[in-house]
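Visitor: could you look at this predicted model? Sequence included:
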Amino acid sequence: MALIRKKKGNFLEDFRVGHIFQHKCGKTVTEGLFNTFTEFNMTTNPLSKNLRYARQYGFRGMVVPPGLVMNIVLSQSVEDISENARANLEYINMRFGAPVYIGDTIEVTSTVLGVKPSTRDPVLGVVHVQTTGRNQDNHVVLTYERKVQVWKDDPKADVKETSAEKIEEVPCTPQLPAYDTSRRYGDLAHLSSPDTYFEDFTPGDHIEHSRGRVMTSEHVALTAMLDNTSQVHSNQFMIDQNPERYVGGQLIVYGGIPFNLCLGLSCPDIADNALTDIIYRTGRHTAPLFAGDTAFASTEIRGTRDWPERPDLGILETTLRGHKFVRKDGRPERVEIFYLEREIAVKRRSHYC
Amino acid sequence: MALIRKKKGNFLEDFRVGHIFQHKCGKTVTEGLFNTFTEFNMTTNPLSKNLRYARQYGFRGMVVPPGLVMNIVLSQSVEDISENARANLEYINMRFGAPVYIGDTIEVTSTVLGVKPSTRDPVLGVVHVQTTGRNQDNHVVLTYERKVQVWKDDPKADVKETSAEKIEEVPCTPQLPAYDTSRRYGDLAHLSSPDTYFEDFTPGDHIEHSRGRVMTSEHVALTAMLDNTSQVHSNQFMIDQNPERYVGGQLIVYGGIPFNLCLGLSCPDIADNALTDIIYRTGRHTAPLFAGDTAFASTEIRGTRDWPERPDLGILETTLRGHKFVRKDGRPERVEIFYLEREIAVKRRSHYC
Amino acid sequence: MALIRKKKGNFLEDFRVGHIFQHKCGKTVTEGLFNTFTEFNMTTNPLSKNLRYARQYGFRGMVVPPGLVMNIVLSQSVEDISENARANLEYINMRFGAPVYIGDTIEVTSTVLGVKPSTRDPVLGVVHVQTTGRNQDNHVVLTYERKVQVWKDDPKADVKETSAEKIEEVPCTPQLPAYDTSRRYGDLAHLSSPDTYFEDFTPGDHIEHSRGRVMTSEHVALTAMLDNTSQVHSNQFMIDQNPERYVGGQLIVYGGIPFNLCLGLSCPDIADNALTDIIYRTGRHTAPLFAGDTAFASTEIRGTRDWPERPDLGILETTLRGHKFVRKDGRPERVEIFYLEREIAVKRRSHYC
């Protein structure tokens, strides 16, 4: 007979470079999950909202938007990688592959690329992993690296800095239906915004997206819906017992939610005519979001380039930023909450109108 | 290089009588959207809740309830018509056509019928539109007129009163499965309420529906789920910056939500045995609803009449009202929030029991 | 012409032993309902989350988890049985039958087994019912007895104690796919937790589940989604008018929600490798849950036994308890909110790894 207090997740000393986690559970995309996450962030691309449009473009069904793909894959890795994390430091080289549809089942693995103890704080360190999600046909839907600041379980555990000699890049490029003029894209042109074709963007443009969206206590249910079990997002009692220990002394909104919100709020101005997100070279959360905050987004066009294999599309190199306002000396001060270097494939008006 | 602040939606001076908007995006009804909106308002008609029942009645699947049909169609028109509206003045001649099912894709158009500058307030005016939603087979599912009070962008813009010479009525009548005794409706009679057949209603009856439903901050997510982008429902920061400008100084609940709530709360007493809503002759929001308010509903039976083509059904002419209570001098005072003249087709006990 | 205030539900004097209620409406399980309820409680068994896994185990699709089956069946009975209840006293002999899948339609009946007026409070009494849910093929999915404390409508109504001479047990045992080594279960073993096979449990073990989950105002929408119409869960105005009359002076969270939460929070430690819940011998709510409370759970292993027909499975006899913390003299005091004697069928490592 025993009193058992199960510990979940791994701690800094548990990670070994080269170890491959096959994360538990997996997740099938139901119409409920799809609807909740496609809609809460006010996204507008008809590929994710209009079945007739998605099919006429050659997709099998409505396309799961990039923010939900990212959230499904990342959340499956939370228990093993970041349940005992203090902070999510960086997303690196996040690339999209096969489109994800309602009914698909996503399963996820992670490889440990590096472990580095903190020089400043002996109870902390950084874990560097490569995480990959695959669908039921074993096609890669997303792969990325992540750096996470993780607690030690035993403060005295001896952890040496180690890293993989070489990072093998997981093959992963967007799988899109071929361009095919028999599809009569022009008949659908009124369904997406008329001023967000590739030709409409100029490097240097800085677009302030006009809409804001307040985050309510809904974030607790959204986080559970993603299987993200990190207690700082759902355990109010734990926070109340020791508010100084936790950022802001309240439940912090899981980062995947502002990530998703920024993608959605920017969509009507940037991605209404995108066929896919390609890569997020780097991304990070620069300040926390709490229930009651209103999130906003802006996009900087850093560059535009051709996509040789796809003359119908161009690649937009952007920086997506999220922000909120906090009171300081009685005035609202703009605070950046999110930064993402994002490349997307956008239709050319010449080919689609 | 440019700093771009995109303006969304049209302003009073942008509207031209006769112009037809083909609204963007369109919306496919997922099981997620269906479930959230069919359930949040406590509706009880088994056509929308029990697949076995709906099929035995000859419907292809569970039927999207009228409040959700209305919300889908209206919300698709918001960006073009009312993103810059101050108030929704009136719904007129709202008529239901083909039933809507899970998996259907609804696309929407609006024709401008009139523009009228305000004589009292030079920055405002009224736009009169006719909006129509169609499914993927191009069948009309809903059509209605709406009058909206819209801001000018340029306060000095010169706007003349204009109106269409003639309003062409869009053909739209309910499409119901035929009455067919081989369906053995009586076997299902226990699944709907026993005292809401056509024979049970008497003109002059005034029914206070017993249930109340508090509105929580869920309204922000519900509104986003409908693609309704009006900022007064979701941008808490905007309200906080200038609370005097906005009704009540807080986020106002999008009108389609109390509209839907009133339909749901009245359902067990009025529409449990309805096969379809037919027409809403006029409707309006008479006071705002806020998070924390509890909504109630009542129905007045104004008349009953035969439906010559359908001897199995009778038409109930009702007025549906919503109300809430506000504190005044320490006491709760009943305030009407919604008014709708509503006609529905109700089963006759003689044919269905 | 009449002012009608409809009363919903039955009162103590309305119940007759032997009467069978065929409850109204019925409920089809959409992907929206499934997603919301499978996820909000942080359950982890892949049978309800991973379609590939569920099918390889021989199930037709993802399996509706036991807490949602229970909630669907119970909620269908609320209007007839407990809309006018003061408290839910006990669940008895709750047994699971055919698995429930997305798309199934559940319809419910209840038989009155006993009526007993209170000796202490003349306006109250206890109603004892047996409630059974069946799917569209008329297979029993759940059956249980329930004792509910119900108000009289007429305080002077004379109610005599009566009870059924004999309680006929409704045949109901779990229907599971056969064990079949050709299914290669081992290939999926990484998807469920490695330390929750039958061999891992010892009578006397007491497991404190590590996760907590705050309940937000979401409970109002969750309750509506289940068709549970009891006003103490949704009518804030009613509570505010007479707070002393209602437990805690605020909206009380519908019991099915903490019931479900406790099942979910315990899942990773207890039921990740369960194929079905078998029976809940007795269960009760020992304290109310309110919005803002954080729920926790613990499980005591009371016994383990073989299941002769299924050598691949063992039966775990457990007690599941829920708790929260309330401030008392400035300190958090642990308060039990839920008690359930629960037996589940758990895979043996010897057969599945």
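Guide: Perfect, thanks for sending it. This one's a predicted model, so the numbers in the text were calculated from it and none came from an experiment.
Visitor: who in the stretch 251-353 of chain A is up against chain C?
Guide: residue A:251 (C-beta under 8 Å from any C-beta of the partner chain). For every residue, glycine as well, the C-beta is placed using N, CA and C.
Visitor: the stretch 251-353 of chain A: strands as residue ranges?
Guide: Secondary structure of the stretch 251-353 of chain A (DSSP state E, counting those that start in this stretch): strands located at A:274-285, A:294-306, A:313-328, A:331-347.
Visitor: what parts of chain A come near chain C?
Guide: A:1-8, A:22, A:24-28, A:30-33, A:35-36, A:103, A:105, A:107, A:136, A:217-218, A:220-221, A:224-225, A:227, A:229, A:231, A:234-238, A:241, A:251.
Visitor: so how far is chain B from the spatially most central residue of chain A?
Guide: Residue closest to the average C-alpha location in chain A (C-alpha atoms, centre = their mean): residue A:70, at 4.1 Å. Distance, residue A:70 to chain B, by C-beta to the nearest C-beta, to the nearest Å: 19 Å.
Visitor: tell me which element that residue falls in.
Guide: Secondary structure from DSSP states H and E places residue A:70 in helix A:66-76.
Visitor: elements contacting that helix?
Guide: Judged by 3 or more C-beta pairs under 8 Å, 6 or more residues apart in numbering or on different chains; DSSP states H and E, the packing partners of helix A:66-76 are strand A:27-28, helix A:31-40, strand A:85-96, strand A:105-117, strand A:124-134, strand A:140-151, helix A:256-270.
Visitor: can you pull the contacts of the residue nearest to the centre of chain A?
Guide: Applying C-beta atoms under 8 Å, 6 or more residues apart in numbering or on different chains, we find residue A:70 in contact with A:94, A:142, A:144, A:256, A:259, A:260.
Visitor: I figured the fourth one hits residue A:225, correct?
Guide: This points to residue A:256. No - contact criterion C-beta atoms under 8 Å: residue A:256 and residue A:225 do not qualify, at 10.9 Å.
Visitor: quick one, which of the two is more surrounded?
Guide: residue A:256 (25 against 22; other C-beta atoms under 10 Å in any protein chain shown).
Visitor: quick one, what contacts the residue nearest to the more buried one when sequence neighbours are not counted?
Guide: Spatial nearest neighbour of residue A:256, excluding adjacent residues (C-beta to C-beta, 6 or more residues apart in numbering or on different chains): residue A:71 at 4.3 Å. Contact partners of residue A:71, counting by C-beta under 8 Å, 6+ apart, are A:37, A:226, A:256, A:259, A:260.
Visitor: of these, which is the nearest to chain C?
Guide: Relative to chain C, the closest of these is residue A:226; by C-beta to the nearest C-beta it sits at 8.0 Å.
Visitor: got TSV for the helices and strands packed on helix A:66-76, with mean pLDDT too?
Guide: What follows is these, written out as TSV (pLDDT from 0 to 100):
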stretch	mean pLDDT
strand A:27-28	98
helix A:31-40	97
strand A:85-96	94
strand A:105-117	98
strand A:124-134	97
strand A:140-151	96
helix A:256-270	97
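Visitor: any chance of these in a markdown table, with distance to residue A:323 too?
Guide: Shown next, in a markdown table, are those (distance: least, C-beta to C-beta, whole Å):
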| stretch | distance to residue A:323 |
| --- | --- |
| strand A:27-28 | 30 |
| helix A:31-40 | 19 |
| strand A:85-96 | 18 |
| strand A:105-117 | 30 |
| strand A:124-134 | 26 |
| strand A:140-151 | 23 |
| helix A:256-270 | 9 |
